[in-house]
Every structure is written in structure tokens, then in C-alpha cells.
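Q: turn this into a structure:
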Amino acid sequence: MSQQSSHLSKALEGRKVVFVVSPTEYRDEELNEPKKRLDDAGAVTSIASTLAGPCRGMLGGTATATLKTADLKGSDWDSVVIVGGMGSPDYLWNDAPLLDFLRQMNAAGKPVAGICLSGAVLANAGILEGRRATVWPDPKAIAVLQDRGAIYEKASVVQDGPIITAEGPHSAVEFAEKIADALQLAATTAR
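A: So this is what the prediction gives:
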């Protein structure tokens, strides 16, 4: 283990991160890459969805949501990652409990991240107004960002303060690194 990863591991030890996926058609690598990176760094990760139980990825993977979005409270978590995929518009874009949770996390200045089509979830929560962000280059998703006051950038990953957005599956590894860095910074400043 390198000195840097050892230091990062200690910095993220016990940090609680919730990943939110749609019950069907979430994008596998957008969950798996960041989750593995944060697990390896010592974070405590959980999975939530609109319903608790098994969730199915677009590439055939599965994940078990042990939490429902309706049960999430900002005070319980250090960060949230909204996973993208084709199920995001149907299940996550307008999920009122999830949008409220994102507003709580943002108000507390905690790292909030969304990848692929789920950048639109952050926009619908009203937390991207005046902020730079990216999303999967789908006209409807881009329109949601722009209609909610975000400054859309066509980029792999965009970070504006504690808010991190990524374009899609090809961005998953870089997205994971930005989340780990934001969590490390938050852990350092909280001490």
C-alpha cells in the first residue's frame, strides 16, 4: 500500500456514504467503481433506492438496496452519490424524498455527487443553480440542468465546491477519485 493510499484510507475511515440507484436499469460501473474506491479507502458505504430490495443494473449486475430514499436524513451521512443509468429519469429525477435529502446534504455543505443522467436529480433538487455541472449528453437531461439554472459544461467530470457531476460510465474512475478527495477534504476540515 502506498503512503498516499494509506493516508487516504485513514482519512476516510468511518465516513458514511450512501449510493442511490434506481431499482432497475442503473448503470453498473457508475455504482461499482466509486463504491469500490470508497470501500477500499475505509468509508462505510450503503445502497438506497426508491424501494428496499434487489436492484438490477443495465449490464446485468445486481445490488441490494438496504434503505429507501424516504428514510434518508442528511444528518446521518457524510456524502451521497446518485448513480445514473436509464432508470434514473423514471425513478430518481422527481423522487420527492430524494430531492429533499439532497437539499439537506447541500445545506450542510457535504459532498453531493451525481453521474450520467443523475446530474438532473441534483438540478431538480435546486442545488445546481449558478453552479457548473455536467450530465450525460442527452438533450432532455441538459435541458433540466439549464432550466434549473446550472451552468452546463460538456466535460467528463465537473466539480463546483462540494458538488461533483460526471458525464457517464467512461467517467466513473475519475468521478470516484473526485468523491474520495472531497470526502478527505471534508473529513480534514471537520476535525
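Q: drop to CA atoms for contacts and neighbour counts, all remaining ones
A: Noted.
Q: and the strands in this structure?
A: For the chain, strands defined by DSSP state E occupy the ranges 16-20, 24-26, 44-49, 53-57, 62-65, 67-68, 79-82, 112-115, 132-133, 151-152, 157-160, 163-166.
Q: P89: which of the ones you listed is closest?
A: strand 24-26 (10.4 Å; CA to CA).
Q: buried set for the closest one?
A: For strand 24-26, a neighbour-count test (16 or more other CA atoms under 10 Å) marks T24, E25, Y26 as buried.
Q: do stretch 180-191 as well
A: In stretch 180-191, counting by 16+ other CA under 10 Å, buried: A180, D181, A182, L183, Q184, A186, A187.
Q: next: stretch 58-76.
A: So for stretch 58-76, counting by 16+ other CA under 10 Å, buried means T62, A63, T64, A65, L67, K68, T69, A70, L72, G74.
Q: so which elements touch the top helix by length along the chain?
A: Counting by DSSP state H, the longest helix found in the chain is helix 172-190. For helix 172-190, the packing partners by 3 or more CA pairs under 8 Å, 6 or more residues apart in numbering; DSSP states H and E come out as helix 3-12, helix 28-40, strand 112-115, strand 157-160, strand 163-166.
Q: can you list these in JSON lines and add distance to Q146?
A: Listed next are the helices and strands packed on helix 172-190 as JSON lines, based on distance: least, CA to CA, whole Å:
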{"stretch": "helix 3-12", "distance to Q146": "34"}
{"stretch": "helix 28-40", "distance to Q146": "23"}
{"stretch": "strand 112-115", "distance to Q146": "16"}
{"stretch": "strand 157-160", "distance to Q146": "15"}
{"stretch": "strand 163-166", "distance to Q146": "14"}
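Q: what's the closest of the ones you listed to R56?
A: helix 28-40 (8.6 Å).
Q: tell me what the residue most central in space within the chain is bridged to.
A: Nearest to the mean C-alpha position of the chain, by CA atoms, centre = their mean, lies V81 at 1.8 Å. As for beta bridges, V81 partners with F19, A113 under DSSP bridges.
Q: among the helices and strands of the protein, which has the poorest mean pLDDT?
A: helix 3-12 (a mean of 53; mean pLDDT, DSSP states H and E).
Q: show residues contacting stretch 89-99.
A: The contact list for stretch 89-99 (CA atoms under 8 Å, 6 or more residues apart in numbering) reads 21-23, 50, 69-72, 117-118, 120-122, 124-125.
Q: give the buried subset of the residues you listed as a PyMOL selection command.
A: One line in PyMOL is enough to select the buried members of the contacts of stretch 89-99, burial here meaning 16+ other CA under 10 Å:
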select buried, resi 21+22+23+50+69+70+72+117+118+120+121+122+124+125
